[in-house]
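Asker: Sequence below, structure please.
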Amino acid sequence: MKLSVCATFISLSFLAGCQSTSLPSTDNSNASITTEVTSADQTIHKETVCPSLGIQPVTVTVSELWSEGDVVTDAYSGDIAQVKDGQITLTPSRHSGGLLLLESISVLESEKEKIDFQWQSATFYHIATDRFYNGNSWNDHSYGRQTSAQGFKGGDIAGLTKKLDYLAELGVDVLWLSTPLEQVHGWLPGKDGNTPEYPYAGGATLDWTQLDTNMGSEQEMRSFIDSAHQLGMRVVWSIDSAPSKPSLADLQQFTVQPQDGSELPSYWNDWQPKEGQNLTHYLDAFNDESGQIPQWWSSDWSDLKYEGTVSTPEFFINKPTTEVTQESKKKDALLTQWVTSWVSKFGIDGLVLSQSTPQLTKQFEAQGSKALEAWKKDNQYKALEGSSFIIVDLENQNHFIPQIHTIESQCLPLNDQTNAQDKAPIHALTWFDKDKQPELTTDNYAQYRDAASTLLLSNGSVSIWYGDESAKPGDLYSMMNWEDATGQYWSLRSHWKKLLSFRGNHSAIVQGDYQVVKQEPYYAVIRKNESDKVMIVYTGE
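Answerer: Numbering: from 1, shown residues only. Got it, this is the predicted structure:
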């Protein structure tokens with residue numbers, strides 16, 4: 001039921017760093033570790049040898065980038081040095097983990113390159129809205145939803161709006177929201193069949209024409225998107241491409257009558273399984289001989305491969321708030337019509353599809369692009385310069401190939417991934433696959449910090465899961481840890497901000513050629529393109 005990246009991303013653990021050989025190793029010392037790169041086709045073992053110079057002055061050869069007398073600055077610490085005999089000497093900040101982020105100082109601010117936004121190199125910030133920040137407590141129990149361990153916790157669009165300054169200061173380009181569309185109103189059985197779960201992260205869409213009241217109103221959504229655009233950030237939504245089974249609360253609210261109601265309580269959502277049953281039996285009183293509920297979405301709606309004509313369900317006749325009418329039409333055409341109407345209404349910049357077909361994706365992309373262009377004509381003062389519409393199809397991976405980094409690395413990887421795949425990679429962190437994220441401590445702080453360095457100095461596109469930057473403890477969908485804002489948590493967030501600022505200021509990091517220039521006693525790479533150049537130096541710690 002949860003719409004999450006972990007279900008769709010390729011599990012590719014990228015640990016190779018520093019110096020590598022093709023020889024496997026069993027040495028577990030601090031100087032070298034065994035790393036593994038796994039793809040669908042192969043497993044490659046590499047030995048990594050890390051620098052151990054530490055936080056002390058380091059003399060770096062920079063003659064391939066800068067001329068004699070040029071002034072170079074470390075973007076992390078703000079320290080500067082002048083090139084002499086093709087070299088500079090600087091000391092990494094003690095908070096950097098041994099990083100120098102070298103760039104030249106422009107004589108005039110106007111000479112700095114203006115970096116045009118490109119989806120292929122964007123920094124996405126992926127948010128489960130319900131778990132981020134509660135801006136309006138009045139909508140916490142919409143549709144009669146009950147408090148539950150696996151239920152809605154109060155985060156909403158109003159809460160996102162209140163945290164926009166934080167997100168802009170962090171330095172992200174794109175806000176990727178869990179679907180804000182109306183979900184089924186009651187609980188659904190969890191994977192174990194014994195745990196009732198509410199669809200707080202999506203995956204159980206009831207109505208594509210309405211926002212979920214737990215998320216907020218259309219006015220709040222419009223204010224949020226307009227404000228995000230004003231701050232230079234784009235907004236994309238996750239979208240389900242198939243409807244959900246009903247909850248008992250929906251069936252009662254929309255007056256769908258059971259075949260046999262003798263086993264139902266007065267409030268159907270209070271139903272409990274009898275002996276020998278579990279929660280998966282909750283629809284037994286409603287299913288007909290074919291196992292369907294005639295008034296609900298037909299099986300053709302749930303069949304991704306079905307491209308024929310479908311009818312809209314009868315229960316919408318009794319639904320007071322909807323734009324769905326009783327009609328028969330091609331399924332993909334109806335889905336596209338409903339979803340892209342939100343682009344026309346708010347100027348949404350893109351959609352992320354977890355389940356789709358190439359045909360449906362093409363329709364979303366074509367109609368969404370037309371809708372955004374029409375919105376821009378009517379809202380020229382709101383539109384971002386050079387804005388374009390994007391569809392990210394995770395199921396077919398026709399836009400991004402994910403490369404997932406781990407926090408278990410003892411050595412900072414900075415090697416090139418430009419040619420690792422035919423398509424532009426999107427990088428993420430492996431705690432997408434973790435049941436529990438460990439609490440930040442003195443012992444594991446360096447792992448969290450270096451994972452950020454690895455991720456944010458990667459080429460191509462980056463996806464940050466909410467709370468990555470603040471070491472959010474707990475499971476994937478735990479609440480954002482706003483209360484952890486001091487000490488090591490503050491230091492880690494500061495580290496993310498510095499790296500994201502450096503990344504945002506330099507197109508060479510995300511789109512530049514890659515070149516190793518030195519491997520002892522430090523590790524360094526050059527990133528450069530026609531208009532930009534930087535050097536990243538790693539001294540170890």
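
Asker: Let's verify residue 209: helix, strand, or coil?
Answerer: Under DSSP: H, G, I helix; E, B strand; the rest coil, residue 209 falls in the strand class.

Asker: got a list of what it touches?
Answerer: If you count contacts by C-beta atoms under 8 Å, 6 or more residues apart in numbering, residue 209 has them with 322, 323, 324, 338, 341. Just so you know, the C-beta spots here come from the backbone N, C-alpha and C atoms, and that holds for glycine as well.

Asker: Let me have the residues you listed in a markdown table, extended by neighbour count.
Answerer: Output for the contacts of residue 209, formatted as a markdown table (neighbours: other C-beta atoms under 10 Å):
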| residue | neighbour count |
| --- | --- |
| 322 | 17 |
| 323 | 12 |
| 324 | 17 |
| 338 | 17 |
| 341 | 15 |
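
Asker: I'd like the residues you listed as CSV, with pLDDT appended.
Answerer: Putting the contacts of residue 209 into CSV (pLDDT from 0 to 100) gives the following:
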residue, pLDDT
322, 98
323, 97
324, 97
338, 98
341, 98
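
Asker: now the helices for this protein?
Answerer: In the chain, the segments counted as helices under DSSP state H are 157-162, 164-170, 218-230, 248-253, 299-302, 331-346, 358-378, 445-456, 487-505, 507-511.

Asker: Just send those helices back as TSV, with distance to residue 55 too.
Answerer: Output for these, formatted as TSV (distance: least, C-beta to C-beta, whole Å):
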stretch	distance to residue 55
helix 157-162	38
helix 164-170	25
helix 218-230	38
helix 248-253	58
helix 299-302	57
helix 331-346	48
helix 358-378	48
helix 445-456	12
helix 487-505	14
helix 507-511	23
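
Asker: out of those, nearest to residue 192?
Answerer: helix 248-253 (18.5 Å; C-beta to C-beta).

Asker: Return the closest one as CSV; C-alpha atoms alone will do.
Answerer: Provided in CSV are the C-alpha atoms of helix 248-253 (Å, rounded to 0.1, in the frame of the first residue of the first chain):
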residue,chain,number,x,y,z
LEU,A,248,-15.3,-0.8,4.8
ALA,A,249,-15.6,2.8,5.7
ASP,A,250,-15.9,3.7,2.0
LEU,A,251,-18.5,1.0,1.3
GLN,A,252,-20.7,2.3,4.2
GLN,A,253,-20.3,6.0,3.3
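
Asker: Could I get the buried residue list for that helix?
Answerer: 248, 249, 250, 251, 252, 253 (16 or more other C-beta atoms under 10 Å).

Asker: so where's this protein uncertain?
Answerer: Scanning the chain for pLDDT under 70 picks out 1-49, 106-114, 396-425, 430-435.

Asker: What distance do you get for the spatially closest residue to residue 479 that is not a sequence neighbour to residue 191?
Answerer: Excluding the flanking residues, the one nearest residue 479 by C-beta to C-beta, 6 or more residues apart in numbering is residue 131, at 5.3 Å. Applying C-beta to C-beta, to the nearest Å, the value for residue 131 to residue 191 is 19 Å.

Asker: Name the residue in the two with the higher neighbour count.
Answerer: residue 131 (24 against 9; other C-beta atoms under 10 Å).

Asker: if I pick that one, what's in contact with it?
Answerer: When contacts are counted by C-beta under 8 Å, 6+ apart, residue 131 touches 153, 155, 200, 201, 466, 477, 478, 479, 480.

Asker: quick one: which of those is nearest residue 285?
Answerer: For the contacts of residue 131, the minimum distance to residue 285 (C-beta to C-beta) is 26.3 Å, reached by residue 200.

Asker: what's around the closest one, how many residues?
Answerer: 27.

Asker: try residue 147
Answerer: 10.

Asker: how about it, what does it touch?
Answerer: Neighbour list for residue 147: residue 141 [criterion: C-beta under 8 Å, 6+ apart].

Asker: what do you get for residue 76?
Answerer: Contact partners of residue 76, counting by C-beta under 8 Å, 6+ apart, are 92, 93, 95, 96, 99, 100, 101, 498, 502.

Asker: Quick check: closest non-adjacent residue to the second one.
Answerer: Excluding its sequence neighbours, the residue lying closest to residue 93 (C-beta to C-beta, 6+ apart) is residue 77, at 4.1 Å.

Asker: Now stretch 530-541: buried residues?
Answerer: Buried-residue list, stretch 530-541, by 16+ other C-beta under 10 Å: 532, 533, 534, 535, 536, 537, 538, 539, 540, 541.

Asker: Do me a favour and get the end-to-end distance for that stretch?
Answerer: 33 Å (C-alpha to C-alpha, to the nearest Å).

Asker: State the distance from residue 383 to residue 350.
Answerer: 14 Å.

Asker: The two - which one has more neighbours?
Answerer: Applying other C-beta under 10 Å to residue 383 and residue 350 shows that residue 350 carries more neighbours, namely 26 against 17.
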